[in-house]
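Participant: sequence? don't have it. structure:
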């Protein structure tokens, strides 16, 4: 596995402080990262560590795509994914400074046609609610994931999404809410979210290797980009996505960048949102971003808390918040099929880290973040090898999930047949919220198309079918057909999701 050395000639050349760090707090850290990349079977990783105003460590490891020689360098683009949310929140803070938005303004002030299922929630929902994940329902991923709906179409369907809790009573991660926040930022500035990203953040910070979404990056002809990977049957494989997955909700997670540019972003945040001594956001609105806005329960926080034992877990605006060894920590992860990221800050120590990988949910990211924190905090009462400890914990999670899956498969009633001839299940199924599912019959087999996804149906038991998605990622899903009283097929339902569709006559 090849590796690229530290950065040179990009405006972030390693200083005397960086060399000192590698002889002090970060001594042998390079070897620790390299070992972690091997242990976690990560094809490629890039990492930057910032202390005070210096980039004290920055390096790329491995390759952009398994089986190909091109190395990951500090200029290789990775998906920033949900760490994009901090950028969207920062834009809103900038606009709040100029009075173009207010954190507690109602959403309908900027999106007059916006509606949710409850008219009271529609009226009371604020911009602050959007960026703190407390709108009353979790992310309706079925509206954007591998689908071709426009932003306006997604928002129009939100009125059909049922509430899961009352407004502001519960943290429920919601990407669509962040997409709305980004849209509001663009409208309030008489611009667009993407253009604001370029003019208000990328240009002042000198982030020349960053793009607001995948389409703009591809249009610019960028080829130094990592390919996504996942593990199938204990083998790491390249996966293909049916188009830019996150672009429909870009402000929630569509950004692409290099670790070089993200080091600039971390420096800016650790310098109280200053660039060259000039503050881009007022102290008051910068503080709002890192102030606990919503308590996050154990079920919504990261499993790493089982090992690090924080005393509080909260969400700010674009940041998860916790304490670690008596220090305030702000961090956010990013994950979408085949790529992983984390940005972690210890503001009072002016210490930060940015980590990107091209392997799905590669939790070495957490291990390296806490390792960096430990290196600068000094020895703990109990020494930790976070990579080893977290690999054991996440390995146990995987084993438990595999055991549950085997138990589910063992419950299958074998030898059953579908109630009707297979061609009778073919047709168009639709729902006002979930859209359209098209079931086709060809040469004795059924297939289904939903949005950009296509899958083959395997009869599982009775009228339950297992869906094998043709895209090379994701576990199989299970769908069930239900019959009308007259014996015709009436509905298609997902076993483990809310999606359901009525068959057209």
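Facilitator: Yep, it's here. These figures come from a predicted structure and were not determined experimentally.

Participant: could you pull out the strands for the stretch 101-250 of the chain?
Facilitator: With strands called from DSSP state E, counting those that start in this stretch, the stretch 101-250 of the chain shows them at 229-232, 235-238.

Participant: Against which helices or strands is the first one packed?
Facilitator: Other helices and strands packing on strand 229-232, by 3 or more Cβ pairs under 8 Å, 6 or more residues apart in numbering; DSSP states H and E, are strand 235-238. Heads up, the C-betas are built off the backbone N, CA and C, glycines and all.

Participant: Show me which positions of the strand it packs on end up buried.
Facilitator: Buried residues in strand 235-238, defined by neighbour count with 16 or more other Cβ atoms under 10 Å: 237, 238.

Participant: residues making contact with that strand?
Facilitator: Applying Cβ atoms under 8 Å, 6 or more residues apart in numbering, the contact partners of strand 235-238 are 41, 43, 65, 66, 67, 227, 228, 229, 230, 231, 359, 472.

Participant: if we go to 7 Å?
Facilitator: 41, 43, 65, 66, 227, 229, 230, 359, 472 (Cβ atoms under 7 Å, 6 or more residues apart in numbering).

Participant: ok, now which ones touch residue 365?
Facilitator: 333, 340, 341, 342, 355, 357.

Participant: which residues of the stretch 401-505 of the chain score low on pLDDT?
Facilitator: For the stretch 401-505 of the chain, the stretches with pLDDT under 70 are 472-474.

Participant: Okay, buried residues for stretch 463-470 please.
Facilitator: For stretch 463-470, the neighbour count (16+ other Cβ under 10 Å) marks 463, 464, 465, 466, 467, 469 as buried.

Participant: what residues are up against the first one?
Facilitator: Residue 463 makes contacts with 418, 419, 480, 481, as judged by Cβ under 7 Å, 6+ apart.

Participant: pretty sure the third one is touching residue 491, no?
Facilitator: Translated: residue 480. No: Residue 480 lies out of contact with residue 491 (Cβ atoms under 7 Å); the separation is 8.5 Å.

Participant: From residue 335, how far out is residue 314?
Facilitator: As defined by Cβ to Cβ, to the nearest Å, residue 314 lies at a distance of 20 Å from residue 335.

Participant: Repeat that for residue 242.
Facilitator: 18 Å.

Participant: Residue 111 too?
Facilitator: In this structure, residue 111 and residue 335 are 28 Å apart, going by Cβ to Cβ.

Participant: These two: who's more crowded?
Facilitator: residue 335 (20 against 16; other Cβ atoms under 10 Å).

Participant: and the closest residue to the more buried one other than its chain neighbours, how many neighbours does it have?
Facilitator: Excluding its sequence neighbours, the residue lying closest to residue 335 (Cβ to Cβ, 6 or more residues apart in numbering) is residue 361, at 5.6 Å. Residue 361 has 17 neighbours, counted by other Cβ under 10 Å.

Participant: Show only the entries of the contacts of residue 365 found in helices.
Facilitator: Among the contacts of residue 365, no residue falls in helices (DSSP state H).

Participant: would you list every one of the strands in the stretch 351-500 of the chain?
Facilitator: Going by DSSP E, counting those that start in this stretch, the stretch 351-500 of the chain shows strands at 351-357, 427-431, 435-442, 445-450, 453-461, 464-469, 477-483, 489-494, 500-503.

Participant: Using neighbour counts, pick out the buried residues of the fifth one.
Facilitator: Of all the residues in strand 453-461, those buried under the rule 16+ other Cβ under 10 Å are 453, 454, 455, 457, 459, 460, 461.

Participant: Can you name the residues bridging to the third one?
Facilitator: If I follow you right, that is residue 455. Taking DSSP bridges as the rule, residue 455 bridges to residue 448, residue 469.

Participant: for the last one, same thing?
Facilitator: Applying DSSP bridges to residue 461 yields these beta-bridge partners: residue 464.

Participant: Could you number the chain from 613 rather than 1 from now on?
Facilitator: Okay, residue one is now 613; in that scheme the one you just asked about reads as residue 1073.

Participant: Return the backbone torsion pair for residue 875.
Facilitator: The phi/psi pair for residue 875 (degrees, to the nearest 10) reads phi -70, psi -40.

Participant: which residue packs closest to it, ignoring adjacent ones?
Facilitator: Looking at residue 875 with Cβ to Cβ, 6+ apart, the closest residue is residue 660, at 3.9 Å.

Participant: Next, format the strands of the stretch 963-1112 of the chain as CSV and append distance to residue 938.
Facilitator: Compiled in CSV, these are given as follows (distance: least, Cβ to Cβ, whole Å):
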stretch, distance to residue 938
strand 963-969, 14
strand 1039-1043, 51
strand 1047-1054, 49
strand 1057-1062, 49
strand 1065-1073, 47
strand 1076-1081, 46
strand 1089-1095, 45
strand 1101-1106, 45
strand 1112-1115, 49
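
Participant: what bits of this protein have low per-residue confidence?
Facilitator: Across the chain, the ranges flagged by pLDDT under 70 are 613-628, 1084-1086.

Participant: So it: which segments form each domain?
Facilitator: Recorded structural domains for the chain (assignment: automatic domain parsing) are 615-709+801-1013, 719-790, 1034-1115.

Participant: Would you mind telling me which of the ones you listed is nearest residue 1020?
Facilitator: Evaluated with Cβ to Cβ, those place domain 1034-1115 nearest to residue 1020, the distance being 9.0 Å.

Participant: Quick one: end-to-end length of the closest one, please.
Facilitator: 15 Å (Cα to Cα, to the nearest Å).

Participant: Work out the gap between that domain and the centre of the chain.
Facilitator: Mean-position distance between domain 1034-1115 and its chain equals 27 Å (Cα atoms, centre = their mean, to the nearest Å).

Participant: Stretch 982-991 now?
Facilitator: 26 Å.

Participant: can you pull out the helices in the stretch 613-762 of the chain?
Facilitator: 628-635, 641-651, 696-709, 731-736, 739-742 (DSSP state H, counting those that start in this stretch).

Participant: As TSV, those helices with distance to residue 673 and mean neighbour count would be great.
Facilitator: Compiled in TSV, the helices of the stretch 613-762 of the chain are given as follows (distance: least, Cβ to Cβ, whole Å; neighbours: other Cβ atoms under 10 Å):
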stretch	distance to residue 673	mean neighbour count
helix 628-635	16	15
helix 641-651	5	17
helix 696-709	23	25
helix 731-736	46	14
helix 739-742	36	24
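
Participant: For the ones you listed, give me TSV that also has distance to residue 1044.
Facilitator: Converted to TSV, the helices of the stretch 613-762 of the chain look like this (distance: least, Cβ to Cβ, whole Å):
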stretch	distance to residue 1044
helix 628-635	57
helix 641-651	47
helix 696-709	29
helix 731-736	18
helix 739-742	23
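
Participant: Residue 1011 is nearest to which of these?
Facilitator: That would be helix 641-651 among these, by Cβ to Cβ, at 16.7 Å.
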